[in-house]
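Student: Build me a model:
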Amino acid sequence: EVQLVESGGGLVQPGGSLRLSCAASGFRFGTHYIGWVRQAPGKEREGVAAIYTGSDNTYYNDSVKGRFTISQDYAKNTVYLQMNSLEPEDTASYYCAAQGYRLNPNSYLYWGQGTQVTVSS
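Tutor: Modelled structure (predicted):
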């Protein structure tokens, strides 16, 4: 059974940082994409960042380039999203997703439960 468990969300002031974690199990790490997808109230889901676990190739939405970094710990089957210089527009529920393609949120087969990120003063 594929499981994705996110952690690390919370409330942060503009300009602050958070790190999200996604612990994955139930599939072979190193042969699939894992992505972070966010959804704000009243908006469509959007792919934020993705990593191919077999090569460390990374992909970013233009809105987060230079501020967010996706990485993986192969030994721990865990993917991270380091979010710096956070803006109120980054406020959303963030989901870890597996076995899809790059930043296309509709392509992913498996999803975590989501973690809330709120950027507010």
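Student: how about residue 13, what does it touch?
Tutor: 119, 120, 121 (C-beta atoms under 8 Å, 6 or more residues apart in numbering). Backbone N, C-alpha and C define where each C-beta goes, glycine included.
Student: Could you check how many residues crowd around residue 43?
Tutor: Using other C-beta atoms under 10 Å, residue 43 is surrounded by 9 other residues.
Student: quick one: contacts for it?
Tutor: Residues near residue 43 by C-beta under 8 Å, 6+ apart: residue 92.
Student: hmm, back to that, most neighbours among the contacts of residue 13, which one?
Tutor: Of all those, residue 119 has the most neighbours under the rule other C-beta under 10 Å, reaching 20 neighbours.
Student: hang on, isn't it packed against residue 87?
Tutor: Yes. Using C-beta atoms under 8 Å, residue 119 is in contact with residue 87, at 6.1 Å.
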